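> Provided below for reference: sequence and predicted model.
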Amino acid sequence: MANRDTVEDVQELLPFVDVLVSDYSGIWVDYLLLDRPIIFVPYDLEEYSRSPGLMYDFEEVSPGPKVASFQEFAASLRECLRDPSRMGEERLKARRMFHEHEDSKACERLYRIISGNA
C-alpha cells in the first residue's frame, strides 16, 4: 500500500495506478485527470461528515462505487478492471467540476500571470 508513510509523494505514483482506491481524501480529484476508475471506501463517512471536513456532498461528486465490505470491494474491483470506461460520464462530470484546464500548461499560464502577460 502506498501512503505518506511509505512514499514521499504518492502523486508521482498515479500514472501507474489502474484503479484508485480512496476514502474521501483529495487524491481522487487529481486522479480524475487520468480518467481511470476510482473505488471509494468511505468507512467512517457518517462520522467524518459531521465535522467540517467535506466541502461538497460526497455522494453527489464522487464518481465511483462506494463500498462497505470486502465482498463489495472485490466485485467493484473486478468490474473496474473488466470495464475501465464504466462510470466514465460521472468522472467527466466531476473532472469538469474540479479542473478548468487539462492541458499540462499550468506553468505557462502561471508565468504569463506573473510576468503580466495574462
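The structure has been received and is ready for your questions. Bear in mind the structure is a predicted one, so any value in this text is a computation, not a measurement.
> pretty sure V21 is touching I39, no?
Yes - with contact defined as Cβ atoms under 8 Å, V21 reaches I39; the gap is 5.0 Å. For the C-beta atoms, the positions are set from N, CA and C on the backbone; glycine is no exception.
> A94 touches L32, doesn't it?
Yes - using Cβ under 8 Å, A94 makes contact with L32 at a distance of 5.7 Å.
> which neighbours do those two share?
Shared contacts of A94 and L32 (Cβ atoms under 8 Å, 6 or more residues apart in numbering): P63.
> so where's the chain shaky on pLDDT?
Applying pLDDT under 70 to the chain flags the ranges 1-4, 45-55, 118.
> for the lengthiest helix in it, packing partners?
Identified as the longest helix of the chain according to DSSP state H is helix 70-82. For helix 70-82, the packing partners by 3 or more Cβ pairs under 8 Å, 6 or more residues apart in numbering; DSSP states H and E come out as strand 38-40.
> ok now the strand it packs on, how far from the chain's centre?
8 Å (Cα atoms, centre = their mean, to the nearest Å).
> from the chain's centroid, how far away is stretch 12-30?
5 Å.
> for that stretch, which residues meet the burial criterion?
Using 16 or more other Cβ atoms under 10 Å as the test for burial, stretch 12-30 gives L14, V17, V19, L20, V21, S22, Y24, I27, W28, V29.
> what are the contacting residues of that stretch?
2, 7, 10-11, 31, 34, 36-43, 45, 48, 54, 58, 62, 64, 73, 77, 80-81, 84, 94, 98-99.
> what about 6 Å?
For stretch 12-30, contacts defined as Cβ atoms under 6 Å, 6 or more residues apart in numbering pick out A2, Y31, P37, I38, I39, V41, P42, F58, C80, F98.
> can you check stretch 80-92 too?
Outside stretch 80-92, the residues that reach it (Cβ under 6 Å, 6+ apart) are V19, L32, D35, P37, P63, G64.
> the same query, at a cut-off of 10 Å, please.
Stretch 80-92 is contacted from outside by 18-21, 28, 31-39, 61-65, 76, 79, 93-94, using Cβ atoms under 10 Å, 6 or more residues apart in numbering.
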